[in-house]
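[1] Any chance you could fold what I've pasted below:
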Amino acid sequence: MAGQWSLSRVLLWSVIVALSVSGLLGIGVFLFAEFGDLSAKILGTTLGVSFYSLMALGGAAALEKRRAKVGALPGLAVCAVGFVYLLLFIWLELFDRGEWWKGVPILAVFAASFAQACLLSFVRLRRRLVWLGWTAHTAIFWLATLIAIMIVLESDDEWLIRAAGVLAIGDGCASLTIPILAKLGNVEQVTRRSPHSHIEITCPGCGLRKSYPVGNVKCTQCGLRLRVEVFGPTVPVEDPPFQFTVRSLLVLTFIVAAGLGLLSMRIGGVVTQWAIARSLEAVGGNPYFSSGNVYGIGFSGPEFSAFTDEHVDMLAQLPELNTIDFSNVTIADGIMRRLTRLEINQISFDEVRLPEHGLAHVRDMPALWGLAIAKTTVAERDIAALEGCRVRNLTLRETGLTDKGLARLKRWHKLSELHLGEPNITKTGLMRLKDVSTLKNLHLEIAKGDKVGKEVEKELRAALPNVDIHIHDR
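    This is a model prediction of the structure:
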């Protein structure tokens, strides 16, 4: 009625008022160019009122129309909790306090999901199409759950993103198809039937008085066939709800179980890597993430002194790990020997104190193709110990290497790219690189005070005609 206030009406006015305040505040900012913390908080609050009022409208309408109470009540509860959480987040300034920010998008996603589900509940499809509604609701809440998981884990895992994309497409297609089918008339028709399903009558043939159902009947005593009909007021009677067959349930169970199994395995893998990364941070580790996987890690600082064989075993449990960087640490010989068990592709040492003959262990790394050493002592014997290794990309910067050590590279039969920044190397040593038959790229870094200057470029190009030479400042 016109004079009554319903929940939907209150929410609509909340949206109008909040949007008006937001608009006026925005206009004021543009006109007067004053946008402080208080203005930002007020704007965030009004936008929050607008968003959660709109999301709650779906649940309120479904509740008033007595549709989907199972989703309407939780949806309204999520909107209320989300709005209160947003207010606390804004006005208590929880922006930089740990993981508090994650609750804001998670609650917003679930509020929108419940609102969407409530709106779809207004369409009652024919029995043969009810599965479409089930599909839409399943996709809606699985998508919300998956997004929440990715937010909590701060994961950009490729498979989780792919799964979210598939669910989003299913959600969108089903949500668009349902109202279209309603427009085309593929909705459940409500029939009207008599409230009397049985009536007591006397058989005109034998006089037996008995209760008979409405429709065609037969007297149990004399066998007379009768037709029973009732004329009078009727009541609306909806068709029986849709029910799955046993076969459909088995197929659906298998699909859901397979999907849950794959998803749980992937989430379990991401959680395991996250736990390992946190453990390695305690010993100076800085993990690099890509698509939810740890693809590299750097170690530095005094915390590395607590690094043990157990931590090397943790590194071995990271399936996508391919890069390890060590900076300003001391590595024991036992650790270097144990690192050879890892299937990594690149390793670097920057201002690292290595044990005597420690670099020799690099040769035993089965998948290594990139080696970078900077401000770490490298002797001629170290280069000799690595002869025949699989390294294709080598970087040497300020390691104290001399011409004799550089000459040893001719036995590195896989070396194709060399980055060199060594102040003790002379023109004679550089010319010996012509003996490295596999070399294709040379990046020479020269600084003031080096024994060789940029004028060597012309002679180098003549001596190494098949090598692409680049000279840079160091």
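[2] Go ahead and confirm residue 63 touches residue 72.
    Yes - Residue 63 lies in contact with residue 72 (Cβ atoms under 8 Å); the separation is 4.3 Å. The way it works is simple: take the backbone N, C-alpha and C, and place the C-beta from them, glycine included.
[3] Who has more neighbours out of the two?
    Ranked by neighbour count (other Cβ atoms under 10 Å), residue 63 and residue 72 place residue 72 first, with 25 against 21.
[4] in the stretch 351-474 of the chain, what spans have low per-residue confidence?
    Scanning the stretch 351-474 of the chain for pLDDT under 70 picks out the ranges 449-451, 453-454, 474.
[5] Against residue 389, how distant is residue 438?
    According to Cβ to Cβ, to the nearest Å, residue 438 and residue 389 sit 12 Å apart.
[6] residues shared between the contacts of those two?
    Common contact partners of residue 438 and residue 389 (Cβ atoms under 8 Å, 6 or more residues apart in numbering): 412, 414.
[7] For the closest residue to residue 331 other than its chain neighbours, what are phi and psi?
    Closest residue in space to residue 331, ignoring its immediate chain neighbours: residue 354 at 5.8 Å, by Cβ to Cβ, 6 or more residues apart in numbering. With angles defined as degrees, to the nearest 10, residue 354 sits at phi -100, psi 150.
[8] wait, what's in contact with residue 354?
    Taking Cβ under 8 Å, 6+ apart as the test, what residue 354 contacts is 331, 336, 376, 377.
[9] hmm, back to that, counting neighbours around each, name which of residue 438 and residue 389 comes out higher.
    Using other Cβ under 10 Å, the more surrounded residue of residue 438 and residue 389 is residue 389, with 22 against 13.
[10] ok, that one - contacts?
    Contact analysis of residue 389 by Cβ under 8 Å, 6+ apart lists 362, 363, 368, 412, 414.
[11] The last one: what secondary structure?
    This means residue 414. Put simply, residue 414 is coil when judged by DSSP: H, G, I helix; E, B strand; the rest coil.
[12] What about it, how many residues nearby?
    Using other Cβ under 10 Å, residue 414 has 13 neighbouring residues.
[13] can I assume it is in contact with residue 387?
    No - if you go by Cβ under 8 Å, residue 414 and residue 387 don't touch, sitting 11.0 Å apart.
[14] Mutual contacts of these two, please.
    Joint contacts of residue 414 and residue 387 (Cβ under 8 Å, 6+ apart) do not exist.
[15] Can you give me the distance of the residue nearest to residue 331 to residue 215?
    From residue 354 to residue 215 the distance is 95 Å (Cβ to Cβ).
[16] and what of residue 408?
    102 Å.
[17] The two: which is more packed in?
    Using other Cβ under 10 Å as the criterion, residue 408 and residue 215 rank with residue 408 on top: 18 against 10.
[18] And for the residue lying closest to the more buried one once chain neighbours are set aside, the neighbour number?
    In space, and not counting its chain neighbours, residue 408 is closest to residue 383: 4.0 Å by Cβ to Cβ, 6+ apart. The criterion is other Cβ under 10 Å. On that basis, residue 383 has 22 neighbouring residues.
[19] okay, the helix or strand in which residue 383 is found in CSV with CA atoms only?
    Assessed by DSSP states H and E, residue 383 sits inside helix 380-385. The C-alpha coordinates for helix 380-385 follow below in CSV (Å, rounded to 0.1, in the frame of the first residue of the first chain):
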residue,chain,number,x,y,z
GLU,A,380,91.3,-20.1,-12.3
ARG,A,381,90.8,-23.5,-10.6
ASP,A,382,87.1,-22.8,-10.2
ILE,A,383,86.7,-22.1,-13.9
ALA,A,384,88.7,-25.3,-14.6
ALA,A,385,86.5,-27.3,-12.2
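[20] The helix or strand that it is followed by pairs with which strands?
    Downstream of helix 380-385, the next assigned helix or strand under DSSP H and E is strand 393-397. Applying DSSP bridges, strand 393-397 is found paired with strand 370-374 (parallel), strand 417-421 (parallel).
[21] nearest to residue 298, of these?
    Residue 298 lies closest to strand 370-374 among the strands paired with strand 393-397, at 12.0 Å (Cβ to Cβ).
[22] Low-confidence ranges, the stretch 51-200 of the chain, go.
    For the stretch 51-200 of the chain, applying pLDDT under 70 flags the ranges 65-71, 96-98, 125-128, 156-157, 182-197.
[23] re the thing from before, how much space between the residue nearest to residue 408 and residue 133?
    On the measure of Cβ to Cβ, residue 383 and residue 133 end up 70 Å apart.
[24] can you check residue 45 too?
    Counting by Cβ to Cβ - residue 45 and residue 133 are separated by 36 Å.
[25] ditto for residue 75
    Applying Cβ to Cβ, the value for residue 75 to residue 133 is 16 Å.
[26] So those two - more neighbours on which side?
    More neighbours surround residue 75 than the other of residue 75 and residue 133, with 27 against 19 (other Cβ under 10 Å).
[27] can you tell me the helix or strand for the nearest residue to the more buried one once chain neighbours are set aside?
    Using Cβ to Cβ, 6+ apart and skipping the chain neighbours, the partner closest in space to residue 75 is residue 114 (2.9 Å). Per DSSP H and E, residue 114 falls inside helix 103-120.
[28] for that helix, packing partners?
    In this structure, helix 103-120 makes packing contacts with helix 37-64, helix 69-91, helix 130-153, helix 158-184, judged by 3 or more Cβ pairs under 8 Å, 6 or more residues apart in numbering; DSSP states H and E.
[29] Touching that helix from outside, list them.
    Applying Cβ under 8 Å, 6+ apart, the set of residues contacting helix 103-120 is 51-52, 54-59, 61-62, 67-68, 71-72, 74-75, 78-79, 81-82, 85-86, 89, 133, 136-137, 140-141, 143-144, 147-148, 151-152, 175, 178.
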